[in-house]
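Colleague: The sequence isn't on hand, but the structure is:
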Ligand SMILES: [Zn+2]
């Protein structure tokens with residue numbers, strides 16, 4: 001007697017091979033059998049005639065760190081077929097965190113991970129993962145440990161070189177998090193305090209993670225005018241630390257850099273030929289999304305959240321000068337223009353009207369310059385502002401998507417009334433637009449990029465493939481109708497065509513409707 005039997009489907013096993021006609025049976029959370037299973041007895045039976053049956057999608061870049069506790073049903077992700085999320089991205093995991101650092105860190109992350117009002121009961125990575133398991137979740141969760149978080153615990157937000165003793169403490173914190181199940185270390189080299197880390201410091205900590213079979217997931221120091229140099233930096237880290245590198249949300253930002261993606265991918269191929277295990281991930285949209293205070297130069301973040309808020313009010317002239325004159329940082333508004341930067345989320349009802357508007361529009365309404373409007377809004381909201389920034393070219397997106405090294409991520413920010421649509425519909429956009437409508441890549445390759453490629457990279461040993469013994473995380477979708485139906489104006493719509501989703505052999509989505517089940521588990525083993 002099986003727990004779940006999915007019959008008559010076109011099974012794409014996640015390897016990239018073409019589909020085979022088969023039934024799939026699950027028992028005790030694992031895949032028990034794949035093949036012609038006839039009328040095998042099962043608790044639950046799904047008829048998948050004419051449908052694709054594939055492994056649950058693995059979101060290798062998620063910002064659900066806090067929302068998985070606040071809203072454990074993870075509707076945004078599971079209704080688009082993601083059954084596993086990797087959190088702790090961009091150098092900014094929510095653990096480990098000391099009690100003294102909690103309030104400031106919470107504020108710093110509020111424009112990214114949101115601030116959904118869950119109590120931060122944890123200190124260590126293990127505590128955090130325990131809290132996720134205790135709350136129950138519809139999806140599986142695993143986490144990187146952020147290099148910025150590690151640094152925060154030892155040096156705070158200060159921009160300086162660590163002492164030998166501090167370096168040793170950071171190594172120890174990294175090792176502890178790895179022993180407690182972190183998948184590797186993440187860096188966000190545009191985000192303080194991760195941004196203050198030198199190559200030497202990162203290499204030291206990556207060596208520790210590498211010894212635990214972890215990987216280095218990196219948001220590069222620059223994705224626009226200095227992207228080539230930034231790639232060299234992360235390749236050097238990979239080489240010196242002997243650690244696999246995953247360049248997260250690989251892209252080319254800013255019109256004057258469009259078209260560079262092909263040459264940059266060739267550079268990565270040469271690095272691989274030289275033995276650096278580098279791959280990339282991507283979201284399929286021409287706009288990015290992060291917290292709005294990324295538009296303020298990093299040297300104003302050095303004393304932490306409160307000092308930054310103070311500076312927004314008292315050092316306005318300097319901030320304006322630095323934004324308009326300095327190009328030695330990832331200067332969003334300088335490269336993209338304020339008219340291309342939109343507010344996706346705020347905290348207060350008074351500023352709710354700003355959601356979905358550009359900084360240019362908000363400034364006009366407020367009768368001030370856009371940079372002033374950005375500073376005022378950030379100060380009023382105590383930094384809890386999310387942004388969406390347009391500046392990528394769809395031709396680059398296609399070039400990157402076609403490349404065999406590229407996996408698909410959402411990088412979805414969940415808070416606010418106008419979140420980036422990628423949080424709700426990334427997978428369906430790939431399968432509907434880039435596969436069915438535009439034939440950019442074949443279906444079996446798209447499924448590989450959503451399943452076995454990201455799973456293998458972060459060492460999820462029983463995920464990403466439909467093979468006996470693997471976890472029974474399974475998606476059934478209609479290849480003829482799957483599509484993202486949302487937009488920047490109307491982002492919170494779940495996609496069409498994702499019909500059934502099982503996690504550990506239990507249906508969490510049935511006929512497109514969330515069942516309320518929470519069979520998700522944290523993943524800590526390697
Ligand atoms: Zn991110």
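Modeller: Here it is on my side, so go on. Nothing here was measured: the structure is a model prediction, and the numbers come from that model.

Colleague: Residue 331: what's it in contact with?
Modeller: By Cβ atoms under 8 Å, 6 or more residues apart in numbering, the contact set of residue 331 is 297, 323. (Each C-beta comes from the backbone N, C-alpha and C, glycine too.)

Colleague: Repeat the analysis, applying 10 Å as the threshold.
Modeller: Applying Cβ atoms under 10 Å, 6 or more residues apart in numbering, one finds that residue 331 lies in contact with 190, 222, 224-225, 254, 294-295, 297, 322-325.

Colleague: now these as a markdown table including pLDDT, secondary structure and distance to the ion?
Modeller: A markdown table is the format used below for the contacts of residue 331 (pLDDT from 0 to 100; DSSP: H, G, I helix; E, B strand; the rest coil; distance: Cβ to the ion, whole Å):
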| residue | pLDDT | secondary structure | distance to the ion |
| --- | --- | --- | --- |
| 190 | 93 | coil | 11 |
| 222 | 95 | coil | 16 |
| 224 | 94 | coil | 16 |
| 225 | 93 | coil | 21 |
| 254 | 93 | coil | 19 |
| 294 | 94 | helix | 11 |
| 295 | 96 | helix | 16 |
| 297 | 95 | coil | 20 |
| 322 | 95 | helix | 24 |
| 323 | 94 | helix | 22 |
| 324 | 92 | helix | 27 |
| 325 | 92 | helix | 28 |
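
Colleague: Off-centre distance for the strand or helix carrying residue 371?
Modeller: Assignment of secondary structure by DSSP states H and E places residue 371 within helix 370-380. Its chain's average C-alpha position is 26 Å from that of helix 370-380, according to Cα atoms, centre = their mean, to the nearest Å.

Colleague: cool, stretch 464-477 as well?
Modeller: Here the centre of stretch 464-477 is set off from its chain's centre by 22 Å, with Cα atoms, centre = their mean.

Colleague: In the stretch 301-450 of the chain, mark out all the helices, start to finish.
Modeller: If DSSP state H, counting those that start in this stretch is used as the criterion, the helices of the stretch 301-450 of the chain fall at 305-314, 316-325, 332-336, 359-366, 370-380, 394-402, 422-429, 443-450.

Colleague: The ones you listed into a markdown table, with extra columns for mean neighbour count?
Modeller: Converted to a markdown table, the helices of the stretch 301-450 of the chain look like this (neighbours: other Cβ atoms under 10 Å):
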| stretch | mean neighbour count |
| --- | --- |
| helix 305-314 | 16 |
| helix 316-325 | 14 |
| helix 332-336 | 21 |
| helix 359-366 | 18 |
| helix 370-380 | 21 |
| helix 394-402 | 18 |
| helix 422-429 | 27 |
| helix 443-450 | 24 |
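
Colleague: The ion contacts on the stretch 351-500 of the chain?
Modeller: By the criterion of Cβ under 5 Å from the ion, the positions of the stretch 351-500 of the chain lying close to the ion are residue 411.

Colleague: Could you report the separation of the residue nearest to residue 108 when sequence neighbours are not counted from the ion?
Modeller: The shortest distance from residue 108 to any residue that is not its chain neighbour, by Cβ to Cβ, 6 or more residues apart in numbering, is 5.0 Å, and that residue is residue 305. Noted for residue 305: a distance of 19 Å to the ion, by Cβ to the ion, to the nearest Å.

Colleague: Kindly state the pLDDT recorded for residue 305?
Modeller: At residue 305, the pLDDT value in this model is 91.

Colleague: Quick check: it touching residue 105?
Modeller: Yes. With the criterion set as Cβ atoms under 10 Å, residue 305 and residue 105 qualify as a contacting pair; they are 8.1 Å apart.

Colleague: can you tell me which residues contact the spatially most central residue of the chain?
Modeller: Nearest to the centroid of the C-alpha atoms of the chain, with distances taken as Cα atoms, centre = their mean, sits residue 61, at 1.9 Å. If a contact means Cβ under 10 Å, 6+ apart, then residue 61 has 85-90, 144, 186, 217, 219, 246, 248-249, 281-283, 407-412, 422, 454 as its contacts.

Colleague: Who are the contact partners of the closest residue to it other than its chain neighbours?
Modeller: Taking Cβ to Cβ, 6+ apart, and ignoring the residues beside it in sequence, residue 61 has residue 409 as its nearest neighbour in space, at 3.7 Å. Residues in contact with residue 409 (Cβ under 10 Å, 6+ apart) are 57-62, 82, 85-86, 89, 246, 248-250, 280-284, 422, 426, 449-450, 454.

Colleague: among those, which are in helices?
Modeller: Assigned to helices by DSSP state H, the following of the contacts of residue 409 qualify: 422, 426, 449-450, 454.

Colleague: Closest to residue 167 out of the residues you listed?
Modeller: Out of those, the one with the shortest distance to residue 167 is residue 454. That distance is 31.2 Å, counting by Cβ to Cβ.

Colleague: can you tell me how far the closest one sits from residue 338?
Modeller: 34 Å (Cβ to Cβ, to the nearest Å).

Colleague: And those two? Which one has more around it.
Modeller: The neighbour comparison of residue 454 against residue 338 (other Cβ atoms under 10 Å) goes to residue 454, with 26 against 23.

Colleague: That one reaches residue 58, doesn't it?
Modeller: Yes. In terms of Cβ under 10 Å, residue 454 counts as a neighbour of residue 58; the distance is 4.3 Å.

Colleague: Now do the shared contacts for those two.
Modeller: When contacts are counted by Cβ under 10 Å, 6+ apart, the set common to residue 454 and residue 58 consists of 84, 86, 407-409, 460, 463-464.

Colleague: TSV for these, including pLDDT?
Modeller: What follows is the shared contacts of residue 454 and residue 58, written out as TSV (pLDDT from 0 to 100):
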residue	pLDDT
84	98
86	98
407	98
408	98
409	98
460	98
463	98
464	98
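
Colleague: In strands, which of those fall?
Modeller: With strands taken from DSSP state E, the overlap with these comprises 84, 86, 407-408.

Colleague: residues near residue 510, how many?
Modeller: Neighbouring residues of residue 510 were enumerated by other Cβ under 10 Å; the total is 16.

Colleague: any idea what the closest residue to it other than its chain neighbours is structurally, helix, strand or coil?
Modeller: The spatially closest residue to residue 510, leaving aside those adjacent along the chain, is residue 500, at 5.9 Å (Cβ to Cβ, 6+ apart). Put simply, residue 500 is strand when judged by DSSP: H, G, I helix; E, B strand; the rest coil.

Colleague: Could you do residue 221 as well?
Modeller: With three-state DSSP as the basis, residue 221 sits in coil.

Colleague: That one and the ion, how far apart?
Modeller: Computed as Cβ to the ion, the residue 221 to the ion distance reads 15 Å.

Colleague: which ones are touching that residue?
Modeller: Residues near residue 221 by Cβ under 10 Å, 6+ apart: 187-190, 194-195, 197, 227, 229-231, 233-234, 329-330.

Colleague: Buried ones from these, can you make that a ChimeraX selection?
Modeller: Buried members of the contacts of residue 221, defined by 16 or more other Cβ atoms under 10 Å, are picked up in ChimeraX with:
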select :187,188,189,190,194,195,197,227,230,231,233,234,329,330
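
Colleague: Widest-spaced pair of the contacts of residue 221?
Modeller: For the contacts of residue 221, the farthest-apart pair by Cβ to Cβ is 197 and 227; their separation is 18.8 Å.

Colleague: circling back to that earlier point, sort out which of the contacts of residue 221 are in strands and list them.
Modeller: Of the positions in the contacts of residue 221, 187-188 sit in strands, assigned by DSSP E.

Colleague: and which of the contacts of residue 221 is nearest residue 211?
Modeller: residue 187 (17.5 Å).

Colleague: got the contact list for that closest one?
Modeller: 89-92, 144, 146-148, 194-195, 197, 202, 205-206, 216-221, 234, 237, 248.
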